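Novice: I need the structure of the sequence given here:
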Amino acid sequence: METYQLKKITIIVLLLVNLALLGLLGQGALQQRSAERQTLMQLKDLYLSSGVELALEALPRTEKQSSYTVQHNAQAEAAFAEAFLGEADMQESGSSMLYSSQLGAMRLRRNSAFELNMYTLSLTESSCLHLFDELGYTAAPYHDSDNTSYYLTQIVDGLPILGSPVTLHFSNSLLTTASGFYITGLQEGEPLSPYTAADALSAFLQYTSEREITPLRVEGIFSTLHLSAETLFQSTLLPAWVIQTESSSYYVSYGGDEIALLQPGIF
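Specialist: Numbering: from 1, shown residues only. Have a look, this model is predicted:
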């Protein structure tokens with residue numbers, strides 16, 4: 001048989017194999033979408049039986065879920081401190097770095113926690129909130145009834161980081177202290193067993209039923225990360241879900257063993 005005929009047959013065989021593989025992939029995707037629609041319908045019926053409307057068009061797909069550890073970045077942390085203190089002296093002390101200047105002092109720990117004390121009160125509320133916005137925190141913070149304290153959430157890679165709020169305190173509209181977490185980098189760990197949006201919605205329905213909480217409507221659910229400061233040297237983040245009702249937002253931990261009402265204004 002001529003060489004060109006062998007090549008032609010080989011090409012045809014490869015095309016047929018590729019078409020068969022595409023067909024299998026397409027069939028698998030259709031089956032997955034069908035299963036997701038069926039799960040959503042079952043959840044809607046379950047919610048409706050409890051007097052709650054589950055107003056979702058589709059369930060968000062669960063991407064690969066992993067744990068993360070916070071990575072130390074000396075250059076980024078120094079820039080963070082100097083954004084408030086200007087040019088500052090640096091001193092290492094055990095699990096932390098201490099930055100100080102005439103304006104104040106900031107201690108940054110290895111687990112990404114920080115404490116800021118201002119000696120010279122010059123940073124106004126609007127300037128401070130704008131600065132934190134540029135540093136990757138929520139632009140619309142939650143504040144207390146006296147408007148003297150604000151609570152911010154850091155956004156990392158497009159995801160709000162729960163469990164690591166930044167608290168700002170003001171006196172006469174000038175920043176006095178700040179504390180919280182500043183994450184400069186994450187390292188992905190081992191993959192985890194999937195904890196899907198359907199799992200979180202089931203856990204949330206049980207949570208509301210047990211506590212006789214009666215939201216009228218669940219409007220959305222999206223993935224996020226939750227930080228746990230295990231030691232002064234290390235913090236770990238796990239995948240989590242946020243469920244939005246008509247009036248509030250709730251955090252559902254990985255595994256569903258912890259569900260909590262979130263402060264307003266974060267999402």
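Novice: In what element of secondary structure is the nearest residue to residue 56 once chain neighbours are set aside found?
Specialist: In space, residue 56 comes closest to residue 40 once its chain neighbours are excluded; the distance is 6.5 Å by CB to CB, 6 or more residues apart in numbering. For glycine as for every other residue, the C-beta is placed from the backbone atoms N, C-alpha and C. Element membership for residue 40 (DSSP states H and E) is helix 3-49.
Novice: So in that sheet, which strands flank the helix or strand immediately after that helix in the chain, and in what orientation?
Specialist: Next helix or strand after helix 3-49 toward the C-terminus (DSSP H and E): strand 53-54. For strand 53-54, the paired strands and their directions (DSSP bridges) read strand 217-229 (parallel).
Novice: in the partner strand, what counts as buried?
Specialist: Using 16 or more other CB atoms under 10 Å as the test for burial, strand 217-229 gives 218, 221, 223, 224, 225, 226, 227, 229.
Novice: The residue nearest to residue 56 contacts residue 60, doesn't it?
Specialist: No. Counting by CB atoms under 8 Å, residue 40 sits too far from residue 60 to count as a contact (10.8 Å).
Novice: Name all residues that make contact with residue 233.
Specialist: Contact partners of residue 233, counting by CB atoms under 8 Å, 6 or more residues apart in numbering, are 95, 109, 110, 111.
Novice: oh sorry, the question was meant for residue 53
Specialist: Taking CB under 8 Å, 6+ apart as the test, what residue 53 contacts is 47, 216, 217, 218.
Novice: cool, residue 56 as well?
Specialist: 40, 44, 218, 219, 220, 221.
Novice: roughly how far apart are it and residue 65?
Specialist: 20 Å (CB to CB, to the nearest Å).
Novice: what about residue 200, distance to residue 207?
Specialist: 10 Å.
Novice: Who has more neighbours out of those two?
Specialist: residue 200 (27 against 17; other CB atoms under 10 Å).
Novice: My reading is that that one lies in a helix. Confirm?
Specialist: Yes. Applying DSSP: H, G, I helix; E, B strand; the rest coil, one finds residue 200 inside a helix.
Novice: Next, format the contacts of residue 53 as CSV and append pLDDT.
Specialist: Shown next, in CSV, are those (pLDDT from 0 to 100):
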residue, pLDDT
47, 85
216, 82
217, 89
218, 91
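Novice: and residue 171, backbone torsions?
Specialist: Note on residue 171: backbone dihedrals following degrees, to the nearest 10 are phi -130, psi 120.
Novice: Mind listing what's buried along stretch 186-193?
Specialist: So, applying 16+ other CB under 10 Å, buried residues of stretch 186-193: residue 186.
Novice: okay, that stretch in PDB with CA atoms only?
Specialist: Extracted as PDB, the C-alpha positions of stretch 186-193 are listed here (Å, rounded to 0.1, in the frame of the first residue of the first chain):
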ATOM      1  CA  LEU A 186      -1.600  31.800  49.100                       C
ATOM      2  CA  GLN A 187      -0.100  28.400  48.500                       C
ATOM      3  CA  GLU A 188      -2.500  25.700  47.400                       C
ATOM      4  CA  GLY A 189      -2.500  22.500  49.400                       C
ATOM      5  CA  GLU A 190      -4.000  19.000  48.700                       C
ATOM      6  CA  PRO A 191      -7.300  18.700  47.000                       C
ATOM      7  CA  LEU A 192     -10.300  18.200  49.300                       C
ATOM      8  CA  SER A 193     -13.500  16.100  48.900                       C
END
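Novice: Let me see the mean pLDDT of that stretch.
Specialist: Averaging pLDDT along stretch 186-193 yields 89.
Novice: Appreciated, that's everything.
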